[in-house]
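Pasting the sequence and the predicted coordinates here, then a few questions.
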Amino acid sequence: MTPPKRPARLTAVSETEGLLRIEPLLMPPTTDVLEAIRTAAAHPETRVIGVTDDEGRLVGVVPILRLAEAAVARAAPEAIMSSLFELDDIAEFSHAIEARTVGEAMLPPAAITRNATIDVGFRRMHERHLSGIYVVDDEGRPVGYLDLLELAVFYADVLEREASSSGDDPGTAQ
């Protein structure tokens with residue numbers, strides 16, 4: 001069997017937008033962590049909050065898991081501390097327990113443009129251990145959100161098309 005070609009990885013992000021119709025979840029850095037958790041709970045499809053400045057530019061991201069850890073660390077620190085053994089984990093825990101705003105909890109921005117390939121988007125998410133990434137315009141303002149599940153759906157569709165055109169089972173296509 002000839003391995004299928006992989007043009008999908010060269011597909012522009014703009015061609016995958018809207019597969020899951022996930023809207024960006026944006027907040028200013030001054031948003032209280034507890035308020036952010038309540039807002040995020042109302043938008044469970046977005047797993048990474050975008051933090052924007054006064055001009056609407058992306059200045060950071062906050063994975064929902066990080067927000068949850070910040071709240072748990074404040075309410076029941078022993079729930080998290082008991083699993084910490086590495087110095088890096090302990091340092092991150094102390095940062096989480098001190099965070100009172102999304103600006104204090106945020107990580108550096110993680111973004112791509114609409115013209116970037118989904119391969120670049122996936123690699124950036126993987127490198128940063130994020131389940132979503134923001135799509136920004138030339139000014140750095142969020143115009144979309146690309147989710148890891150969205151990429152998985154796109155790749156699943158490609159694998160199914162490739163398998164049906166070659167007569168193979170889509171679950172075994174390489």
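Structure received.

Need the nearest residue in space to residue 107, chain neighbours excluded.
Spatial nearest neighbour of residue 107, chain neighbours left out: residue 61 (5.5 Å); criterion: Cβ to Cβ, 6 or more residues apart in numbering. Every C-beta, even on glycine, is put in place using the N, C-alpha and C of the backbone.

Now that neighbour: phi and psi?
The phi/psi pair for residue 61 (degrees, to the nearest 10) reads phi -140, psi 150.

what pLDDT does it get?
pLDDT for residue 61: 96.

same thing with residue 67?
Looking at residue 67, its pLDDT reads 83.

what's the helix or strand for it?
helix 64-75 (DSSP states H and E).

can you pull out the helices in this protein?
33-41, 64-75, 77-81, 87-98, 102-105, 118-128, 148-166 (DSSP state H).

So what's the gap between the fifth one and the chain middle?
When you say that, I think you mean helix 102-105. Here helix 102-105 is found 16 Å from its chain centre; the criterion is Cα atoms, centre = their mean, to the nearest Å.

Name the spans of this protein whose pLDDT lies under the cut-off.
Counting by pLDDT under 70, the chain shows low-confidence ranges at 1-8, 17-20, 73-97, 167-174.

let's see 80
1-10, 15-21, 66, 69-99, 150-155, 157-158, 166-174 (pLDDT under 80).

Who are the contact partners of the residue lying closest to residue 47 once chain neighbours are set aside?
Computed as Cβ to Cβ, 6+ apart, the closest residue to residue 47 that is not its neighbour in sequence is residue 131, at 4.4 Å. Residue 131 makes contacts with 47-48, 63, 125, 147-149, as judged by Cβ atoms under 8 Å, 6 or more residues apart in numbering.

next one: residue 46
22-25, 40, 64, 132, 145, 147.

how close does it get to residue 127?
According to Cβ to Cβ, to the nearest Å, residue 46 stands 20 Å off from residue 127.

Tell me the spacing between the residue nearest to residue 107 and residue 43.
If you go by Cβ to Cβ, the gap between residue 61 and residue 43 works out to 15 Å.

next one: residue 11
26 Å.

Then residue 105?
17 Å.

Kindly report the same for residue 34.
Taken as Cβ to Cβ, the span from residue 34 to residue 43 is 16 Å.

Could you find the residue nearest the spatial middle of the chain?
residue 132 (1.7 Å; Cα atoms, centre = their mean).

State whether residue 145 and residue 130 are indeed in contact, as I suppose.
No. Taking contacts as Cβ atoms under 8 Å, residue 145 lies outside contact range of residue 130: 11.1 Å.

Between the two, tell me which one has more neighbours.
residue 145 (23 against 19; other Cβ atoms under 10 Å).

Excluding residues flanking it in the chain, which one is nearest that one?
residue 24 (4.4 Å).
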